[in-house]
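Peer 1: sequence first, then the predicted structure, then my questions.
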Amino acid sequence: MIRVRIFLLVVIGLFLSQLSVAQAGIVKKAKEAESSGYTVDTVMKHQEDLPFQKVWKSGKANLDAYSKIYIAPVNTDYLSENSWWKSLGLKNVEKDVKEIADYTRDTIINDFQNDPKHRFVVVDEPGEGALVVEMAITELVPNKAGFEAALTGAAVGVGSLAAGAVSAVGGSLGSKSSIAFEMRLRDGGTKKIIGMVADREEEQAALFNVKNYTWYGHAKAIIKSWADQFVKIVNRNPGEIISDTPAFTFKPW
């Protein structure tokens, strides 16, 4: 009984310490990723009412002009220029990369299809009246805790990388899982780019998180947050602020 009480006191102490850190703003949001060239970095800047690090919008752009949306297959070519992936060679992790690209596209499509306001009709081909979303994943760092768990056989969803190369790359992983994207918004009729977006996120700090024991769990959670934000942005009222995700979470999953 005494041991149980001591354990509970330790857990409560850790929780309160993490709460103090979160309230003090010590947990910082991710830094911007270096531009990959998929978008034009020099014209983009932060906009306070949007949750992304950098955006650009054509002066003639008007979302009300579109009733349909086309989500193009997600581009992963720029990962080959990322130092972490270059050290591995993308051929070693093609399965993992494709899984994340497909998950990203499917998640965005599903969020728009399940939008209660039905702002856009999701279409299979770009064309007149469609907003075309072209997205590139430019950075993807798996979860280091997931890597360490993979070595002991405790991880789930570790992908093809863990099956063949974990022992060679563990030391090169960053301390946090992260993912970055760059996006071009194009008019389906004129083919002209009317907007650009770029963002980078790191895993949320938490007292305990089950995603720590997965290879890409944090990245997938970030992708889901982005998809939710995209839908909120197209549905927002004039002057409404769409908040960024916090750097700290109390959710254990």
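Peer 2: Alright, I've got the coordinates. Every value quoted in this text rests on a predicted model; they were computed, and no experiment measured them. Numbers count the residues shown, from 1 in each chain.
Peer 1: just for this protein, where's the confidence low?
Peer 2: Residues of the chain meeting the criterion pLDDT under 70: 1-27, 29, 82-92, 144-175, 204-214, 246-253.
Peer 1: helices or strands up against the longest strand along it?
Peer 2: Criterion DSSP state E: the longest strand present in the chain is strand 130-141. Counting contacts by 3 or more CB pairs under 8 Å, 6 or more residues apart in numbering; DSSP states H and E, strand 130-141 packs against strand 68-71, helix 94-113, strand 178-187. Bear in mind the C-beta positions are built from the backbone N, C-alpha and C, glycine included.
Peer 1: any chance you could list what contacts the shortest one?
Peer 2: With contact meaning CB atoms under 8 Å, 6 or more residues apart in numbering, strand 68-71 is reached by 105, 108-109, 112, 120-127, 129-133, 135, 188.
Peer 1: same check on the longest one?
Peer 2: With contact meaning CB under 8 Å, 6+ apart, helix 94-113 is reached by 69, 71-76, 79, 90, 119-120, 122, 133, 135, 137, 140, 159-161, 181, 215-216, 219-220, 223-224, 226-228, 230-231.
Peer 1: which of those residues are buried?
Peer 2: The neighbour-count test (16 or more other CB atoms under 10 Å) marks 69, 71, 74-76, 79, 120, 122, 133, 135, 137, 140, 159-161, 181, 215-216, 219-220, 223-224, 226-228, 230-231 as buried among the contacts of helix 94-113.
Peer 1: which parts of this structure are helices?
Peer 2: Assigned by DSSP state H, the chain shows helices spanning 2-23, 83-88, 94-113, 144-152, 159-164, 166-169, 217-235.
Peer 1: cool, thanks, signing off.
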